[in-house]
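Peer 1: Let's see this in three dimensions:
(chains A and B)
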Amino acid sequence: MYLLNYYIDEISKEIIKQFPNIKSNVEEISSLIDTPKNNYGDLAIPVFKFAKELNKNPNDLSIEFQEKINLDFCKTQAVGPFVNFFFEKEKISNELLKKVDFKFENKNKRIIIEFPSPNTNKPLHIGHLRNMLLGNSVANVLEENGYEVKRLDLINDRGVHICKSMLAYQKWGNNKTPESENKKSDHFVGDFYVKYAKESDEDPKLEEEVNQMLIDWENQNKEVIDLWEKMNNWAINGMNETFKRFNIKFDKEYRESQIYKFGKEIIIDAYEKEIAYKDESGALIINLDEYKLPEKVLIRSNGTSIYVTQDIFLCKKKFEDFDNDSKLEKSIYCIGNEQETYLQQLFAILEKLSIDKDKKCYHLSYGMVELPDGNMKSRQGNVIDTDNLIEEIKEIEKKELLQRYSDLSSEELDKRSETISMSAIRFFMLKFDAKKNIVFDKNESLRFDGETGPYAQYTYSRIRSIIKKSEIKNIDKIIFKITTENDFDLIKKLLEYTDVIIRTSKDYNVARVAHYIIELSQMINEYYTKNKVIGEEKNTMESRIFLLNKSISILKRALKVLDIDVLDVM
RNA sequence: GGGCCUGUAGCAUAGUCUGGAUAAUGCGGCGGCCUUCUAAGCCGCAGACCGUGGGUUCAAAUCCCAUCGGGCUCGCCA
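Peer 2: Coordinates of the predicted model:
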């Protein structure tokens, strides 16, 4: 527990003082001190290690600990081979509450993170949604921890799949526009992608036409380029609306169409330095045996570049763009786990080419979003679309709200249902370990009770309501005194927030934040149902308001990391 | 066949990195709580050979080995 380090170290020092024969130093002893689960104490340490060193029975030694260790801020108690420490709650609760507001210092380090890097042939589905919520939340965590974070998007705006929707529009579009059809523009484009898929099943010749279109595109054929620009703008503008709704802003956008030609020189240079070799077909290949990875073709036998060629270039460019002051600590790629091998290869190549000598590149991998009847297939239209999904949940939420408040203004109804439904979907997408596949069942997945975003929002609103009714002003000036046994447990939970951020900044496991939010909400809910606030004696009421106010400020901070907004009234 | 990920109550998950005391939470089930701060809530009960087998250890859901089931992936797709 980071914010308890002072006390942990004090205990360690005292142990060394009382037991000079113990060989471990303060740091080593501190690392053994833990915050035990049940009611074993506020801090605890097992004595096995010391028992061995001192050649004593652990159960006897722990009793010796109990007798010898005397600290003013805690009581010592032996239980079997464990020594438990119970804080003198009245003495240190105010001190601890001051620590709750801990803010991380600016680290003077930068981290870049790339997501969700969509193709411009279809709208964003819930697979993209998982990607962008994950990427943005990781970025938020790192910012909270004091990093400068840059959000990057690589728009995959060229290639055969883009030409598919273009060809379908050329053939069956009849010069319709998103405006004329009153459709969100990326959906308009996506419909032609699905149309192509259907038609090409019947007519295999379409594939040749698509390939020809790609060649025409590369040759800058004006008609094709015009069509491409028109449809790309539709796709990108539509996606930007969705990003905006999710409060996602990019610091820089790269476009594949602008970089896909680059990278060849780097490969050829590597070939000349014998880092890559040419096989009998003429393809340039890099061997990655030393990384226990399959070898990778870098340039095709016909001399054209492939995706990895430009990816190598892009990495170099990112370093140029964001590491000219040597402040870059990490370059994170938020990409699905089906690309794991590819990214391992890419990173190995970047290291061999001395582009990423310090291993700054990191693959933030995540599992697939599956539907109850199997994987999503964009070309078959078997997908859950992000925009449609939000609207659907929002409608359900509106009904929920009207059941509770039949007289809500339509404005207020819209605002609340938007905030609550966004919280439900955000929380659901983030509460699972990113590595794991999730099955998205509309009926089961999106709830408003239990371990959900709305549950945490509800907690927040309840406390806001209590604070308002208490009519207490200048809450910060209240001198807090413990009024119940629940107080201290809640304070300890608030202190955990810092650890959650520290740990998540290291392993990028944002689900930890979600679980913390639930645990904290549960404790707050338990607190106010057990301990009344309004109507209590003045000092009791003020102390409880003080503590609850601190609690929801941490709750709000944690929710903010997941980009979940709170409501004063829910 | 090789590599990576994964397996915990009926279901969905946390805990595994860094071994520690009674394996935690939600949904579902059963039973309570709206004449005092919003029932999107709270309280209680039932429900777990932690995939299986071995090993290391005073101590294993956690570490090691093997094995079985599921997912992803493996030189010119992006």
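
Peer 1: tell me which parts of the stretch 451-570 of chain A are close to RNA strand B?
Peer 2: A:451, A:454-455, A:458, A:461-462, A:464-466, A:469, A:503, A:507, A:509, A:511-512, A:515, A:518, A:522, A:525-526, A:528-535, A:567-570 (CB under 7 Å from any atom of the strand). Where C-beta positions appear, they are placed from N, C-alpha and C, glycine not excepted.

Peer 1: I'd like the list of these that fall within helices, please.
Peer 2: Per DSSP state H, helices hold the following members of these: A:454-455, A:458, A:461-462, A:464-466, A:469, A:503, A:507, A:511-512, A:515, A:518, A:522, A:525-526, A:528-530.

Peer 1: what domains does the record give for chain A?
Peer 2: Using automatic domain parsing, the domain parsing of chain A gives A:2-87, A:118-257+A:328-380, A:419-561.

Peer 1: Please, where are all the helices along the stretch 51-200 of chain A?
Peer 2: Applying DSSP state H, counting those that start in this stretch to the stretch 51-200 of chain A gives helices spanning A:58-68, A:89-100, A:126-144, A:160-172, A:178-181, A:185-202.

Peer 1: Whichever strand or helix holds A:Leu346 near RNA strand B at all?
Peer 2: Counting by DSSP states H and E, the element that carries A:Leu346 is helix A:340-352. Yes: interface with RNA strand B: helix A:340-352 contributes A:340-342 (CB under 7 Å from any atom of the strand).

Peer 1: Only the buried subset of those residues, as a ChimeraX command please.
Peer 2: Applied in ChimeraX, the following selects the buried portion of those according to 16 or more other CB atoms under 10 Å:
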select /A:342
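
Peer 1: Can you name the residues of the stretch 1-150 of chain A sitting close to RNA strand B?
Peer 2: So the stretch 1-150 of chain A meets RNA strand B at A:34, A:36-41, A:44, A:46, A:48-49, A:79-82, A:84, A:119 (CB under 7 Å from any atom of the strand).

Peer 1: Now the buried members of those.
Peer 2: Buried among these by 16+ other CB under 10 Å: A:36, A:40-41, A:44, A:46, A:49, A:82, A:84, A:119.

Peer 1: Now tabulate those in TSV and tack on distance to A:Leu401 and pLDDT.
Peer 2: Formatted as TSV, these follow (distance: CB to CB, whole Å; pLDDT from 0 to 100):
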residue	distance to A:Leu401	pLDDT
A:Pro36	42	93
A:Tyr40	44	91
A:Gly41	45	93
A:Ala44	46	96
A:Pro46	51	96
A:Lys49	57	92
A:Phe82	50	95
A:Asn84	47	96
A:Asn119	36	95
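
Peer 1: who's in contact with A:Met1?
Peer 2: By CB atoms under 8 Å, 6 or more residues apart in numbering, A:Met1 lies in contact with A:8, A:35, A:495-496, A:499.

Peer 1: Paired strands for the lowest-mean-pLDDT helix or strand in chain A, with orientation please.
Peer 2: Taking mean pLDDT, DSSP states H and E as the measure, strand A:374-375 is the helix or strand of chain A with the lowest mean score, a mean of 80. Applying DSSP bridges to the sheet, strand A:374-375 is found paired with strand A:369-371 (antiparallel).

Peer 1: before we move on, the earlier item: could you identify which of the helices of the stretch 51-200 of chain A is most buried?
Peer 2: Of all the helices of the stretch 51-200 of chain A, helix A:126-144 has the most neighbours on average by mean count of other CB atoms under 10 Å, namely a mean of 23.

Peer 1: If we go by neighbour counts, what in stretch A:283-299 is buried?
Peer 2: Within stretch A:283-299, the residues scored as buried using 16+ other CB under 10 Å are A:283-286, A:288, A:293, A:296-299.

Peer 1: what about the residue lying closest to A:Gly336 once chain neighbours are set aside, neighbour count?
Peer 2: Spatially, and ignoring its direct neighbours in sequence, A:Gly336 is nearest to A:Tyr366 (6.1 Å; CB to CB, 6 or more residues apart in numbering). A:Tyr366 has 25 neighbours, counted by other CB atoms under 10 Å.

Peer 1: do A:Glu10 as well
Peer 2: Using other CB under 10 Å, A:Glu10 is surrounded by 16 other residues.

Peer 1: Could you confirm it falls within a strand?
Peer 2: No: using DSSP: H, G, I helix; E, B strand; the rest coil, the assignment for A:Glu10 is helix, not a strand.

Peer 1: Quick one: residues contacting it.
Peer 2: Contacts of A:Glu10 (CB under 8 Å, 6+ apart): A:71, A:73.

Peer 1: ok, A:Ser470 touching A:Ile545?
Peer 2: Yes: the pair A:Ser470 and A:Ile545 qualifies as a contact (CB atoms under 8 Å) at a distance of 5.4 Å.

Peer 1: between the two, which one's more packed in?
Peer 2: Between A:Ser470 and A:Ile545, counting by other CB under 10 Å, A:Ile545 is the more crowded of the two (22 against 19).

Peer 1: The more buried one sits in which helix or strand?
Peer 2: Assigned by DSSP H and E, A:Ile545 falls in helix A:538-561.

Peer 1: That helix versus helix A:453-470: what angle between them?
Peer 2: Relative orientation of helix A:538-561 and helix A:453-470, computed by axes from the mean of the first three to the mean of the last three CA atoms, to 10 degrees: 150 degrees.
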